[in-house]
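A.B. asks: got a predicted model here, sequence first, then my questions.
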Amino acid sequence: MLVTSPAFKENASHALADAALQKALARARTHFQRRRADAVAGLPEFEDLRARAREIKDHTLAHLDFYLERYAENVERAGGFVHWCRTAEDARAAILEICERAGARTVTKGKSMLTEEIGLNEHLERHGITPVETDLGEYILQLRDEPPSHIIAPAYHLNLDDWEKSFREHHTGLPPERAFHERRDILTEARKVLRERFLAADVGITGANFLIAETGSSVIVTNEGNGDLTQTLPHVHIALASIEKVVPTLEDAFCLLRLLARSATGQDFSVYTTFSTGPRRPGDLDGPQEYHVVLLDNGRSAMLGGEFQPMLRCIRCAACMNHCPVYGAVGGHAYGWVYPGPMGAVLTPSLVGVDQAGHLPNASTFCGRCEAVCPMQIPLPQMMRHWREREFERHLTPATVRTGLGLWAYVARRPTLYRWATRAAAATLGWLGRKRGRFASLPFAGGWTGGRDLPAPEGETFFARYAKTQRQGKA
Amino acid sequence: MPPSRPRVALFVTCLVDLFRPTVGFAAIRLLEAAGCQVEVPRAQTCCGQPAYNSGDRESARELALGILESFAGYDYVVAPSGSCAGMLKVHLPTLFEQDPNLRPRAEALADRVYELVSFLTDVMELKTVPGRFQGTVTYHDSCSGLRELNIKAQPRALLAQIPGLTLQELAEPELCCGFGGTFCVKYPEISTRMVADKVKDIRETGASLVLAGDLGCLLNIAGRLKREASPVTARHVAEVLAGMDGQVPPIGESRGG
């Protein structure tokens, strides 16, 4: 996927001016926040679960090599294959090879951000294989040729009329009187088309929410059941998962599952939670003949042992972006790559480089709401700050900011000089603003005054006035 | 239990010093009303957040060294800002993580740092305030105060002591106002959008005055209220609690009236 993160500011500007997008964002934001708050309020042990979940992931990450090997052994024991892939290219090649060996012409896909990360659809299409997205949101985006704007609700940025427009454009022959009033109408229309695709598919590709070391199982959660049809109907099932998805035991996975749906959609549990362990066994009623796991690193192992390791605890619930005021203002596409919002602001620089994605960790007020709702207690603001530190060390911070900061720090380290400078500034601004009490514009303050007035200072600094009162008090 | 008459150092904050000295005097009045002996160390400037949050740890550390020096030896250090108090209490010690000599000093300072309103309620157990006010106000919780220092009930408890003051809560009290320090000038369009949302929420409460405990948020909110030509005014909560709102016009209002 093309990285447009360097153009974050321009992307954000377009997003803020897009009335339809703003409408969609406003609706979705309140919906997700209310649902999560209700779900958390209904589970008294939620905070204890968060602490437990964090321990599980920290422990696993500290022994990741052990659990990955254990997981792989158990996949193979169950009759599956594990493909270890270091890079996106390796993963694309591994998947293509499995598809070609199976003689695949079409593949169905469950929702997977990792397939976005590696640009899988484009790669398969280039090799004559048609990928079909079966998650409802991903399906409409495939018709519209758009990337997802949210990690669990890919069509977060669309309104109901966008859905109708796309269906009428692509599902030719729809009677004009056909109604698209609600979600059910959309679902019925997509289901009709997708049912044939499910049956025709040669390979099914899903992601994985968790990999369980002790059983060799992959777990997916969905609300539409599309993941189950994707992974059980075709001859071959490929689960694509990044290495940090592994957890030691089934019980650990359940702890995380109890947090996942509540944090994500406010459900106690997703409608479908499906465990896959190897291919179909003799006597099984359904299931694929072949079961493959493509295990991808793609930069994650480099995060181990460093200050960004806590990011690998992420279970992709999207609570951070659902509660982020910046995401809520500009939407996911503005972030310019696969992962938006606070988790993207930390992860994207790790995966594509901070020189490309430097805006993302900077475009935050550090309001801390992401960390407050993160089920895995990931210190997202702290890690965004770490990225700013890396930028500063590497002289990637813009020169004007650096010079300004340097000047300010020079003065702020010298209280006497600082007193003199602030007295002069307060007196000047106070005098200039004495009539109106504020400024509608000021030289060099366009960033502030573009959208708000600048209140004028009272005129005298605190320290000047305080010195006076002290002298009067003593006299 | 605090000492009977604790020595409290006021951390004025750079924004109060420059824009709104009355807040500093309101803080002194409240601290004295609570039985504290207040001193204002001369050598203070800024808590260092502009550097710290821009990734310039070295400048932040140099400023922090000055703070460790000037604010040693007091029973408490109190700031009329959740953001600056959060910097000193939560973040400053992280600048000395690798320094066995300075780390204990930084931690000792952090233990004694409080935000003004929560200090008055939680440590000094102040029950009555000098302020008098008639009318409906709303309250904006600053993000640092709310999420770094758990300040939510404290200002409400003290405001409830003022007869005639009615507090009308915001519909989305947890939402950031979009100030964010340098964020507001680095990403002005997004910041403007956020403060416009905040101001909409404020206006919908019907309150005539918005209060908050952080001058950064207040300059942002007042500036937007004025840009929208709203009659709603903005003040630091300490001004009202100390009964000093008569001494200075609301933030961004002309002295003429």
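C.D. replies: Good, I have the coordinates. Residues are numbered from 1 along each chain as shown, chains lettered A, B, ... in the order given.

A.B. asks: C-alpha from now on. contacts and neighbour counts both.
C.D. replies: OK.

A.B. asks: the longest helix in the chain is where?
C.D. replies: Here I'm looking at chain A. helix A:19-41 (DSSP state H).

A.B. asks: that's the wrong chain, I wanted chain B
C.D. replies: helix B:188-205.

A.B. asks: what's that one in contact with?
C.D. replies: A:12-13, A:16, A:325-326, A:329-330, A:447-448, A:450-452, B:138, B:168-172, B:175-179, B:183-185, B:210, B:220-221, B:224-225, B:232 (Cα atoms under 8 Å, 6 or more residues apart in numbering or on different chains).

A.B. asks: cutoff 6 Å now
C.D. replies: If you take Cα atoms under 6 Å, 6 or more residues apart in numbering or on different chains as the criterion, helix B:188-205 is touched by A:447, A:451, B:177, B:178, B:184.

A.B. asks: doesn't residue A:220 fall inside a helix?
C.D. replies: No: looking at residue A:220 with DSSP: H, G, I helix; E, B strand; the rest coil, it is strand, so not inside a helix.

A.B. asks: what residues does the stretch 151-257 of chain B have near chain A?
C.D. replies: Listed as neighbours of chain A in the stretch 151-257 of chain B under the rule Cα under 6 Å from any Cα of the partner chain: B:180, B:183, B:185, B:188, B:192, B:223, B:224, B:227, B:252, B:253, B:254.

A.B. asks: related to what we said a few turns ago, what's the longest helix of chain A packed up against?
C.D. replies: Judged by 3 or more Cα pairs under 6 Å, 6 or more residues apart in numbering or on different chains; DSSP states H and E, the packing partners of helix A:19-41 are helix A:250-264.

A.B. asks: show me what the helix it packs on is in contact with.
C.D. replies: So helix A:250-264 is in contact with A:36, A:39, A:53, A:267, A:268, A:269, A:270, A:317, A:318, A:319, going by Cα under 6 Å, 6+ apart.

A.B. asks: buried set for that helix?
C.D. replies: A:250, A:252, A:253, A:256, A:257, A:258, A:259, A:260, A:261, A:262, A:263, A:264 (16 or more other Cα atoms under 10 Å in any protein chain shown).

A.B. asks: go on, stretch A:267-281?
C.D. replies: Result for stretch A:267-281 [16+ other Cα under 10 Å]: buried residues A:267, A:268, A:269, A:270, A:273, A:274, A:275, A:276, A:277, A:278, A:279, A:280.

A.B. asks: per-residue pLDDT of the closest residue to residue A:337 other than its chain neighbours, please?
C.D. replies: Sequence neighbours aside, residue A:3 is the residue nearest to residue A:337 in space, at 5.2 Å (criterion: Cα to Cα, 6 or more residues apart in numbering or on different chains). Residue A:3 is assigned 94 on the pLDDT scale.

A.B. asks: how much space separates residue A:3 from residue A:119?
C.D. replies: Per Cα to Cα, to the nearest Å, residue A:3 is found 12 Å from residue A:119.

A.B. asks: ditto for residue A:451
C.D. replies: Counting by Cα to Cα, the gap from residue A:451 to residue A:119 is 39 Å.

A.B. asks: pLDDT value on residue 46, please?
C.D. replies: Picking chain A for this. pLDDT, residue A:46: 97.

A.B. asks: try again with chain B
C.D. replies: So residue B:46 comes in at 96 (pLDDT).

A.B. asks: also the one 5 residues further on?
C.D. replies: In this prediction, residue B:51 carries a pLDDT score of 97.

A.B. asks: ok, back up a step: using CSV, write down the CA coordinates of the longest helix of chain A.
C.D. replies: In CSV, the C-alpha atoms belonging to helix A:19-41 read as follows (Å, rounded to 0.1, in the frame of the first residue of the first chain):
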residue,chain,number,x,y,z
ALA,A,19,-19.0,17.2,4.7
ALA,A,20,-20.1,13.7,4.0
LEU,A,21,-17.0,12.2,5.8
GLN,A,22,-17.6,14.5,8.8
LYS,A,23,-21.2,13.2,9.0
ALA,A,24,-20.1,9.6,9.0
LEU,A,25,-17.3,10.3,11.5
ALA,A,26,-19.7,12.0,14.0
ARG,A,27,-22.2,9.2,13.9
ALA,A,28,-19.7,6.4,14.2
ARG,A,29,-17.8,8.1,17.0
THR,A,30,-20.7,8.4,19.5
HIS,A,31,-21.9,5.0,18.6
PHE,A,32,-18.7,3.2,19.4
GLN,A,33,-17.9,5.2,22.6
ARG,A,34,-21.4,4.6,24.1
ARG,A,35,-21.3,0.9,23.3
ARG,A,36,-17.9,0.4,24.9
ALA,A,37,-18.8,2.4,28.0
ASP,A,38,-21.9,0.3,28.5
ALA,A,39,-20.0,-3.0,28.1
VAL,A,40,-17.2,-2.0,30.5
ALA,A,41,-19.7,-0.8,33.1
